[in-house]
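Participant: coords please:
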Amino acid sequence: MKKTLIALALVTAGMATVPAFAQNAPTDNGGWFLGAKVGQAKLNKGPYDGNDTGYAINGGYRWAVAPNTALGVEAGYNDLGNIKLKNAFNSNPVVANPKSKLHGWTFGVNGKYNFTPNWYASARAGIYQWKGHGLSNDQNPLYRSLDKTDWYSGVGFGYDFTNNFSLGLNYDYYQAKKDHVNLSTNLVSVSAEYRF
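Facilitator: Model prediction:
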C-alpha cells in the first residue's frame with residue numbers, strides 16, 4: 001500500500017508539471033498578428049547594383065487549419081531603401097538624385113507550419129502596390145517617378161518563444177518594373193511577430 005501511495009504521488013506530481021512545460025510550446029497558430037522586419041535590401045537591375053537597409057511591417061489574421069498549420073491574410077507597408085547607381089555613373093551623375101527609391105503596400109496571403117512545437121516555416125505572396133523613383137535602362141536614361149501594382153513573395157523560418165511571440169529569418173522578393181525602370185528588390189531580414 002505504501003508503494004502504491006508513493007507511485008500515485010509521483011504520477012500526480014509529474015502530471016502537474018506537464019501543463020507548466022506545455023505553456024512554453026505554442027499550441028495554436030490561429031488569430032490576429034502584427035509583425036516587423038528589418039534587413040538588407042538588394043537591387044541588381046539595370047543601372048543599379050547595391051544594397052541598403054530595408055524594413056517592412058505587416059498585420060493580419062491566420063486560421064488554424066490543423067494543430068501545426070495556419071493559413072491567413074495580411075496587409076503591410078515596406079520601404080526598401082535608396083540604392084546608388086553602378087560605378088559607371090557614380091563619378092559623373094547623369095541626374096541630380098541618382099539613387100533608387102522603392103516603397104509600397106502589400107496585400108496577400110500567408111501560411112505558417114510548425115515542424116516542431118517551436119520551430120516553424122512560413123511563406124507569403126500577394127499584390128504589391130508600389131511607388132518608386134529610378135533611372136531607366138535605355139540609351140538615354142531618365143530619372144522617373146513611377147507607381148504600379150505588381151507582386152511579392154517570400155519564405156522564412158523561425159522560432160516561437162511563446163504562443164504570442166516569435167523571431168525569424170526571411171527572404172522576400174518585391175517585383176517593381178515599369179517603363180524601362182526595374183526596381184525589383186530582394187530583402188533578407190530578421191523578423192519579430194506578436195500574436196494576439
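
Participant: strands paired with the stretch of helix or strand residue 121 belongs to, and their directions?
Facilitator: Using DSSP states H and E, residue 121 sits in strand 119-135. Each strand paired with strand 119-135, and its direction, by DSSP bridges: strand 100-114 (antiparallel), strand 143-160 (antiparallel).

Participant: need those strands in JSON lines with mean neighbour count, distance to residue 43 and mean pLDDT, can you?
Facilitator: C-beta coordinates here come from the backbone N, C-alpha and C atoms, glycine included. Output for the strands paired with strand 119-135, formatted as JSON lines (neighbours: other CB atoms under 10 Å; distance: least, CB to CB, whole Å; pLDDT from 0 to 100):
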{"stretch": "strand 100-114", "mean neighbour count": "20", "distance to residue 43": "6", "mean pLDDT": "96"}
{"stretch": "strand 143-160", "mean neighbour count": "16", "distance to residue 43": "14", "mean pLDDT": "95"}
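
Participant: and those: which comes nearest residue 50?
Facilitator: Of all the strands paired with strand 119-135, it is strand 100-114 that lies closest to residue 50, at 8.5 Å by CB to CB.

Participant: enumerate the positions of stretch 54-71 that are buried.
Facilitator: For stretch 54-71, the buried set under the neighbour-count rule, 16 or more other CB atoms under 10 Å, comprises 54-56, 58-60, 62, 64, 68-71.

Participant: ranges for the strands of this structure?
Facilitator: 31-43, 50-66, 69-83, 100-114, 119-135, 143-160, 165-174, 177-178, 181-182, 185-195 (DSSP state E).

Participant: C-alpha coordinates for the first one, PDB please?
Facilitator: By that I understand strand 31-43. What follows is strand 31-43 as a C-alpha-only set of coordinates in PDB (Å, rounded to 0.1, in the frame of the first residue of the first chain):
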ATOM      1  CA  GLY A  31      -5.600  34.600 -34.600                       C
ATOM      2  CA  TRP A  32      -4.500  38.200 -35.200                       C
ATOM      3  CA  PHE A  33      -0.900  39.100 -35.600                       C
ATOM      4  CA  LEU A  34       1.500  42.100 -36.100                       C
ATOM      5  CA  GLY A  35       5.000  41.700 -37.500                       C
ATOM      6  CA  ALA A  36       8.000  43.800 -38.300                       C
ATOM      7  CA  LYS A  37      11.100  43.100 -40.400                       C
ATOM      8  CA  VAL A  38      14.500  44.800 -40.900                       C
ATOM      9  CA  GLY A  39      17.300  43.800 -43.100                       C
ATOM     10  CA  GLN A  40      19.300  44.300 -46.300                       C
ATOM     11  CA  ALA A  41      17.500  45.300 -49.400                       C
ATOM     12  CA  LYS A  42      19.500  44.300 -52.600                       C
ATOM     13  CA  LEU A  43      18.900  45.700 -56.100                       C
END
